[in-house]
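Participant: next one to model:
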Amino acid sequence: MGRVKNAAAPSSAPEKKRKVTNGESAPLHRYKVGDNVFLKAAEGEPSFLAKIGAIETGRFLAQWWYRPEDVTGGRQGWHGLKEVFRSNLKDWNNIECVEGLARVHSLEEYERLPEVNRSDFFSRLTYNPGKGTYKPDLISVFCVCEQPYNPDKAMIECKSCFDWFHLTCIGLSAEEAASIDAYTCKQCRKKSAE
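Facilitator: Residues are numbered from 1 along each chain as shown. So this is what the prediction gives:
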């Protein structure tokens, strides 16, 4: 079978609501510097995400994570469903705004998760909201669509050029891709026919 990257899918298990810190029930004051947390948002909006930078009595310094919808240019096709961007924006917030722990992984760690839960996110870029810029400002692109990798879209590797292709871009279903011993892209097939 050709090398196929399957899309990571968030768990469809029902969400259980409870206050958690460090994976176990505990009072809110048990959060620590370095924890990523959900913060209350307006009714019907997704919770905000922040990393705790410092803690004082009743409040904490939040370093904000941005979702693709919240950045200049908005969500793009290459953004993963659970992708967030670390920002340089920090401010103090009431500890009572914390809803629970979140986990922000590197892209590589995220791909190795056996199951993606509500609290799992990944980050590969830093976003500067004041300038509307990213670091790194260059990111590898793949496929005929020349888009960065998105872990939610299945891909297959060409055995000749070693580039990766989205199944949807080359017209393959997941079942078809799974049955291919070694995939060769259109460009490589054309070169070998010459």
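Participant: CA only for contacts and neighbour counts going forward, please
Facilitator: Fine.
Participant: where does the chain dip in pLDDT?
Facilitator: Counting by pLDDT under 70, the low-confidence segments of the chain come to 1-29.
Participant: can you pull out the strands in it?
Facilitator: 4-5, 36-39, 48-56, 59-66, 85-94, 98-106, 120-123, 126-128, 133-135, 155-157, 164-166 (DSSP state E).
Participant: ok, now which ones touch the closest residue to Thr133 other than its chain neighbours?
Facilitator: The spatial neighbour of Thr133 that comes closest, neighbours along the chain excluded (Cα to Cα, 6 or more residues apart in numbering), is Tyr127 at 5.8 Å. By Cα atoms under 8 Å, 6 or more residues apart in numbering, the residues touching Tyr127 are Tyr66, Val71, Phe85, Arg86, Ser87, Asn88, Thr133, Tyr134, Lys135.
Participant: run a quick neighbour tally on Ala182.
Facilitator: Neighbour count of Ala182, defined by other Cα atoms under 10 Å: 16.
Participant: thought it was touching Ile156?
Facilitator: No - under the contact definition of Cα atoms under 8 Å, Ala182 does not touch Ile156, with a separation of 9.4 Å.
Participant: residue contacts, Leu49?
Facilitator: Leu49 is in contact with Asn36, Val37, Phe38, Leu39, Trp64, Trp65, Tyr66, Ala102, counting by Cα under 8 Å, 6+ apart.
Participant: can you list phi and psi of Ser47 for me?
Facilitator: Torsion angles at Ser47 (phi, psi; degrees, to the nearest 10) stand at phi -60, psi 150.
Participant: is it true that it touches Leu39?
Facilitator: Yes - in this structure, Ser47 sits in contact with Leu39. The criterion is Cα under 8 Å, and the distance is 5.5 Å.
Participant: counting neighbours, go ahead and name the busier of the two.
Facilitator: Applying other Cα under 10 Å to Ser47 and Leu39 shows that Leu39 carries more neighbours, namely 21 against 15.
Participant: so who does the residue nearest the centre of the chain touch?
Facilitator: Relative to the mean C-alpha position of the chain, the nearest C-alpha, by Cα atoms, centre = their mean, is the one of Glu83, at 2.5 Å. The neighbourhood of Glu83, defined by Cα under 8 Å, 6+ apart, consists of Arg67, Pro68, Phe121, Phe122, Ser123.
Participant: nice, that's everything, thank you.
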